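A.B. asks: how does the following fold in three dimensions:
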Amino acid sequence: MHDRLDAIRWRAWRPVAVMMAVGALSAMPAAAQTAEGGPRRTRVTLGPELVPAFPGADRVRLSPLVDVSRARGDDPIAFEAPDESAGFALWQRRGFAIGPALNLVGRRLARDTDGLLPTVGRTVELGGSLQYAVSPSWRLRTEVRQGIGGHKGLVASLSADYVARDADRWLFSVGPRVTLSNARFDRAYFGASAGDAARSGLGVYRPGGGVQAVGVTAGFLRALGGPWGLYTYARYDRLVGDDAASPVTRRFGSRSQPAGGIGLSYTFGGR
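C.D. replies: Model (predicted):
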């Protein structure tokens, strides 16, 4: 079983913060890196990705795709789904892993709704994750995150991934996704208060939370030779329930929520 430092993953909007993490990891003394079974390898992936501008948006925004992963000795780098939140394992045992989860959600500006609905600020979502490796080929994962600022709601994600790989030479994963949210989240992005209704003519709408979207995610990573590799992923979500039926979605957004990215990886360290 890998210890909690065997795979550390950070994905965020701001590459500067991630590069600081890479520098900190790279600066670890050699003795610390070898104390638990050999030198550590670090894989850094950089590239562009397209993600929904905000939940329920009918457009995507360009964002940096940044990923940092580590492994010990000759161990393969632990699998990470391309759409899971930034975090690492604090505790691992018998296939289970528990750790923090950090996600960032883009803001919805007033102009995105023709000035008729209020802005929803950029949100930092903090929470935790629990995952279980059913077998080397199957992994289950759930995340629960609370919004700080912005929507201020509660979000949960459920996922299952089938993983096929040849060590670090290539890896393919695919699996279903279910996203849940509470009423506070839904009303921020998909609701219309009495004041909003008066301005927009949409009518009062108060979604109650529940299943927000269902979808699927696939990822692929392949070594190109030497330390270089190619990484790509695609995700598609479909809004359901109250959020899909929202007049905000029908007038200003879309039920379809696609995302995808591509990047180059570089691995250094090790023997």
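A.B. asks: nearest residue to residue 228 in space, please, no chain neighbours.
C.D. replies: Nearest non-adjacent residue to residue 228, counting by CB to CB, 6 or more residues apart in numbering: residue 266, 6.1 Å away. C-beta coordinates here come from the backbone N, C-alpha and C atoms, glycine included.
A.B. asks: which stretches in the stretch 51-200 of the chain count as strands?
C.D. replies: Counting by DSSP state E, counting those that start in this stretch, the stretch 51-200 of the chain has these strands, from start to end: 60-72, 87-88, 91-93, 96-105, 123-135, 138-148, 154-166, 170-181.
A.B. asks: can I get those strands in a markdown table with mean neighbour count and mean pLDDT?
C.D. replies: Below are these laid out as a markdown table (neighbours: other CB atoms under 10 Å; pLDDT from 0 to 100):
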| stretch | mean neighbour count | mean pLDDT |
| --- | --- | --- |
| strand 60-72 | 19 | 92 |
| strand 87-88 | 20 | 90 |
| strand 91-93 | 12 | 94 |
| strand 96-105 | 18 | 96 |
| strand 123-135 | 17 | 97 |
| strand 138-148 | 18 | 98 |
| strand 154-166 | 17 | 98 |
| strand 170-181 | 19 | 98 |
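A.B. asks: coming back round to it: count of residues packed around the residue nearest to residue 228?
C.D. replies: If you count neighbours by other CB atoms under 10 Å, residue 266 ends up with 13.
A.B. asks: centre of the chain to whatever helix or strand it lives in, how far?
C.D. replies: Assigned by DSSP states H and E, residue 266 belongs to strand 256-269. Chain-centre distance of strand 256-269: 12 Å, with CA atoms, centre = their mean, to the nearest Å.
A.B. asks: output the lowest mean pLDDT helix or strand found in this structure.
C.D. replies: Ranking every helix and strand in the chain by mean pLDDT, DSSP states H and E puts helix 30-34 at the bottom, with a mean of 37.
A.B. asks: show the contacting residues for residue 54.
C.D. replies: Going by CB atoms under 8 Å, 6 or more residues apart in numbering, residue 54 touches 105, 106, 107, 108, 112, 120, 189.
A.B. asks: ok, of those, which come out buried?
C.D. replies: Buried members of the contacts of residue 54, counted by 16 or more other CB atoms under 10 Å: 105, 106, 108, 112, 120, 189.
A.B. asks: partners of the third one in the sheet?
C.D. replies: Following DSSP bridges, residue 108 is listed with bridge partners residue 120.
A.B. asks: just the pLDDT for it.
C.D. replies: pLDDT for residue 108: 96.
A.B. asks: that one against residue 120, yeah?
C.D. replies: Yes. Using CB atoms under 8 Å, residue 108 is in contact with residue 120, at 4.4 Å.
A.B. asks: okay, and the common contacts of those two?
C.D. replies: Common contact partners of residue 108 and residue 120 (CB under 8 Å, 6+ apart): 54, 189.
A.B. asks: how far does stretch 212-225 sit from its chain's centre?
C.D. replies: Using CA atoms, centre = their mean, the offset of stretch 212-225 from its chain centre is 11 Å.
A.B. asks: alpha carbons only: can I get that stretch in PDB?
C.D. replies: Extracted C-alpha coordinates of stretch 212-225, given in PDB (Å, rounded to 0.1, in the frame of the first residue of the first chain):
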ATOM      1  CA  GLN A 212     -27.900  18.100  -9.900                       C
ATOM      2  CA  ALA A 213     -26.300  16.200 -12.900                       C
ATOM      3  CA  VAL A 214     -25.300  12.800 -14.200                       C
ATOM      4  CA  GLY A 215     -22.400  12.200 -16.600                       C
ATOM      5  CA  VAL A 216     -19.300  10.300 -17.600                       C
ATOM      6  CA  THR A 217     -15.600  11.000 -17.500                       C
ATOM      7  CA  ALA A 218     -12.800   9.300 -19.500                       C
ATOM      8  CA  GLY A 219      -9.000   9.900 -19.300                       C
ATOM      9  CA  PHE A 220      -5.900   8.700 -21.100                       C
ATOM     10  CA  LEU A 221      -2.200   9.000 -20.400                       C
ATOM     11  CA  ARG A 222       0.600   7.700 -22.500                       C
ATOM     12  CA  ALA A 223       4.400   7.800 -22.200                       C
ATOM     13  CA  LEU A 224       6.000   9.400 -25.300                       C
ATOM     14  CA  GLY A 225       9.600   8.300 -24.600                       C
END
